[in-house]
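dropping the sequence and predicted coords here.
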Number of protein chains: 2
Amino acid sequence: MPVMMELTRVVDCDLNDQHWIHLTEVQGTRTFTIVIGQVEAQVINRRLLEEPPFRPMTHQLLKNIVETLGGQFQDVVITELREHTYFAVVRIRVGDTVHTIDCRPSDGVAIAVHHSPILPIYIEENVLRSLTGL
Amino acid sequence: MPVMMELTRVVDCDLNDQHWIHLTEVQGTRTFTIVIGQVEAQVINRRLLEEPPFRPMTHQLLKNIVETLGGQFQDVVITELREHTYFAVVRIRVGDTVHTIDCRPSDGVAIAVHHSPILPIYIEENVLRSLTGL
């Protein structure tokens, strides 16, 4: 079962050039931390902290394209940990059909924060359990 | 009339942290240079020079999403220079319909280089003329 999470922190550590995001369980206390690239951290942070930019940035373009093609992003699910890499999907609804598309978790979260309200973010229970041991 | 261009160079100047791309007229000699962000320069360069990465990067995700929704990117057109900013569109074909979607030129070129062969890149004649005076 996917567990609903909330984006609670984006951390840029200039000292060691590491960047990560914290997700916290909505109906619980478990947390999940994932290391992401500098670019993705900037994109997410910028969107959370600042006014929308003058021109559409890439994840805004993605949203605009999906809506032009008649779709709506529905949610993001972090599905799996394999070979030290987290896998995720974005789900897009077009009419009665839901398309599930492979993505990096950082793109999924960046897409989520380009929606208002932010899209639901889920983590599969077994991924969360493997990390927290709870 | 849009003029077909070819991406001929991506320049990263570490000295002043400037990045730009050169486009050259396919059936002529005029060139066009546009300053882009570091991130976009990296994305375009990486795609031109290296093997596709293990996980889908953002512009690959964009392509995958459009194809999942039944569309195909057709081409990119740099349409206008307004208030020191170049405007562009990507055109997406879905069946007999072509959707035209506003984007930054750098996203347009990044999408183009994620196709094999690279998508056609056009510049409107008046934009090219205003720059080169030819």
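All right, it came through fine. This is a predicted model, so every value here is computed, not measured. Numbers count the residues shown, from 1 in each chain, chains lettered A, B, ... in the order given.

please identify the helix or strand for the residue most central in space within chain A.
For chain A, A:V109 is the residue whose C-alpha lies nearest the centre (CA atoms, centre = their mean; 1.7 Å). Assigned by DSSP states H and E, A:V109 belongs to helix A:105-113.

averaged pLDDT, stretch A:2-18. What do you get?
What stretch A:2-18 shows for mean pLDDT is 86.

residues in contact with it: which ones?
Applying CB atoms under 8 Å, 6 or more residues apart in numbering or on different chains, the external contacts of stretch A:2-18 come out as A:19-28, A:30-32, A:35, A:38, A:41-42, A:44-45, A:48, A:77, A:109, A:112-113, A:118, A:120-125, A:128. All C-beta atoms are positioned from the backbone trio N, CA, C, and that covers glycine.

what distance separates it from the centre of its chain?
Put simply, stretch A:2-18 sits 11 Å off its chain's centre (CA atoms, centre = their mean, to the nearest Å).

kindly report the same for stretch A:89-101.
Distance of stretch A:89-101 from the chain centroid (CA atoms, centre = their mean) equals 16 Å.

now for A:H114: which residues touch it?
The contact partners of A:H114, by CB under 8 Å, 6+ apart, come to A:47, A:59-60, A:62-63.

now do the buried residues in stretch A:72-92.
For stretch A:72-92, the buried set under the neighbour-count rule, 16 or more other CB atoms under 10 Å in any protein chain shown, comprises A:73, A:75-79, A:86-92.

what's it in contact with?
The contact list for stretch A:72-92 (CB under 8 Å, 6+ apart) reads A:2, A:32, A:34, A:63, A:66, A:71, A:93-94, A:98-105, A:107-109, A:111-112, A:115, A:119-124, A:127, A:130-131, B:54-55, B:65, B:68-69.

and A:Q42, that's in a helix?
Yes - counting by DSSP: H, G, I helix; E, B strand; the rest coil, A:Q42 is found in a helix.

ok, it to A:H115 distance?
Going from A:Q42 to A:H115 by CB to CB, to the nearest Å gives 18 Å.

can you list the buried residues of stretch A:72-92 in JSON lines and add pLDDT?
Shown next, in JSON lines, are those (pLDDT from 0 to 100):
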{"residue": "A:F73", "pLDDT": "98"}
{"residue": "A:D75", "pLDDT": "98"}
{"residue": "A:V76", "pLDDT": "97"}
{"residue": "A:V77", "pLDDT": "97"}
{"residue": "A:I78", "pLDDT": "96"}
{"residue": "A:T79", "pLDDT": "96"}
{"residue": "A:Y86", "pLDDT": "92"}
{"residue": "A:F87", "pLDDT": "96"}
{"residue": "A:A88", "pLDDT": "97"}
{"residue": "A:V89", "pLDDT": "98"}
{"residue": "A:V90", "pLDDT": "98"}
{"residue": "A:R91", "pLDDT": "98"}
{"residue": "A:I92", "pLDDT": "98"}
